[in-house]
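> Got a predicted model here, sequence first, then my questions.
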Amino acid sequence: MGIDFTFDAERHLYLIQGKPVPSVTQVLHSAGLSANYSMVAPEVLERKRIIGEYVHKATQYLDEGCLDLETVDPEIQGYLTGYEKFIRESGFRPDLIERRLVGRINGMLCGGTIDRTGSMAGKLWVIDLKCIERLYSSFALQTAGYELLLPKPVVPPFKYDRAILQLRRDGSYKLTAYSDLADLDVFRAALVVTAWKMNQGMDIQTGARTDLDEAA
């Protein structure tokens, strides 16, 4: 049974009875493991965030069969083309689409937005969409956090394969898979650190750009 929660979109917070629950990207930030965007100009970050939001919505509507192509901004058409090409060439069949959820990992609460789960090449996948050129090592940990939030599959091998799908403006894409089991242990440890900080009354959100990480 799922855990009841609300989501404050303006503050990007998962809440249970009004109390904040750390998100996957906040956990990584709190533990000092998140992507470092400090060298990127704020206006560039904001533009990337907006593009990411639009691309996520467009691909969501596409998978749900309700996308009106006439409403697609030319600025994101290339990213959408890349996603369509990925679906066509890989045979990926989406299941969960942009699903927000809160769960317990080793007894500790955590929230996150799963971009996609689905089947491909006879395997179950959890895939995070990114509209940026560079891959950061923290992305492997981000996908690990999402896998840990999901119920364990009931069919062999009883786990998800994890990947980042990079969508590019020129209509191309790149799928990068992660298979290191240590990623799961590192995320669990990061969640322990975050839970400890919250219990001490520390602010785990200061300086975090979780909106960019999830929408980029």
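Yep, that arrived.

> where does the chain have low pLDDT?
Where the chain drops to pLDDT under 70, the residues are 1-2, 206-216.

> What ranges does it have for its strands?
6-8, 13-16, 19-21, 93-105, 108-120, 123-130, 161-167, 173-178 (DSSP state E).

> so can I have JSON lines of those showing distance to residue 138?
C-beta: built from backbone N, CA, C; applies to glycine. Below are the strands of the chain laid out as JSON lines (distance: least, C-beta to C-beta, whole Å):
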{"stretch": "strand 6-8", "distance to residue 138": "22"}
{"stretch": "strand 13-16", "distance to residue 138": "19"}
{"stretch": "strand 19-21", "distance to residue 138": "20"}
{"stretch": "strand 93-105", "distance to residue 138": "17"}
{"stretch": "strand 108-120", "distance to residue 138": "14"}
{"stretch": "strand 123-130", "distance to residue 138": "11"}
{"stretch": "strand 161-167", "distance to residue 138": "11"}
{"stretch": "strand 173-178", "distance to residue 138": "11"}
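
> I'd like the ones you listed laid out as a markdown table, including distance to residue 146 and mean neighbour count.
Below are the strands of the chain laid out as a markdown table (distance: least, C-beta to C-beta, whole Å; neighbours: other C-beta atoms under 10 Å):
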| stretch | distance to residue 146 | mean neighbour count |
| --- | --- | --- |
| strand 6-8 | 16 | 13 |
| strand 13-16 | 14 | 18 |
| strand 19-21 | 15 | 16 |
| strand 93-105 | 9 | 16 |
| strand 108-120 | 5 | 21 |
| strand 123-130 | 5 | 22 |
| strand 161-167 | 8 | 22 |
| strand 173-178 | 11 | 16 |
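
> How are the helices of the chain distributed by residue range?
In the chain, the helices defined using DSSP state H lie at 24-30, 42-63, 77-90, 138-149, 182-199, 210-215.

> hmm, back to that, tell me which of the strands of the chain approaches residue 152 most closely.
Distance to residue 152, taken as C-beta to C-beta, is lowest for strand 123-130 among the strands of the chain, at 10.3 Å.
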